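Student: got a sequence here, can you build the structure:
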Amino acid sequence: MPRVAVDDNKRLNLRVTTVAKSKLVRAAALRHTNMTDFVTQTALREAEAVIAASEVVTLSERDSLCVLNLLEYPPAPNAKLRAAIAAMPQPVA
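Tutor: Below is the predicted model:
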């Protein structure tokens, strides 16, 4: 997971081209909002989409049934799995 820089203040500084700023100002005006709200709302919408895309797995009906079947009827552990379990540290009582 990427590291996230956390700032104690609530300010976000951006450097944009004159053309980009003009477009943002125009879009904010068309939405009848200020620049801060427009940029924040737009960026948060995109952030939520990026996070959802990385955290949500969508399966086809066939794959969903396969997963459910494996959960109900798991395969017997093979030699590699048994070796991995044996190599795990034992919990201290």
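Student: which SSE is immediately downstream of the helix ranked longest in the chain?
Tutor: The longest helix of the chain (DSSP state H) is helix 35-55. Where DSSP states H and E defines the elements, the next helix or strand beyond helix 35-55 is helix 61-72.
Student: still on that earlier bit, helices or strands up against the longest helix of the chain?
Tutor: helix 18-30 (3 or more Cβ pairs under 8 Å, 6 or more residues apart in numbering; DSSP states H and E). In this view, the C-beta of every residue, glycine as well, is placed from N, C-alpha and C.
Student: ok, now which ones touch the residue most central in space within the chain?
Tutor: Residue closest to the average C-alpha location in the chain (Cα atoms, centre = their mean): I51, at 2.2 Å. By Cβ atoms under 8 Å, 6 or more residues apart in numbering, the contact set of I51 is empty.
Student: I'd like the average pLDDT over stretch 74-89.
Tutor: Averaged across stretch 74-89, the pLDDT comes to 95.
Student: before we move on, back to that, residues of the longest helix of the chain that come out buried?
Tutor: By 16 or more other Cβ atoms under 10 Å, the buried positions in helix 35-55 come out as 38-39.
Student: below-threshold pLDDT in the chain: ranges please.
Tutor: Filtered on pLDDT under 70, the chain yields the residue ranges 1-8.
Student: show me how far the longest helix of the chain is from its chain's centre.
Tutor: Its chain's C-alpha centre lies 11 Å from the corresponding centre of helix 35-55 when counted by Cα atoms, centre = their mean, to the nearest Å.
Student: now that helix against helix 18-30, angle please.
Tutor: Interaxial angle of helix 35-55 relative to helix 18-30 (axes from the mean of the first three to the mean of the last three Cα atoms, to 10 degrees): 100 degrees.
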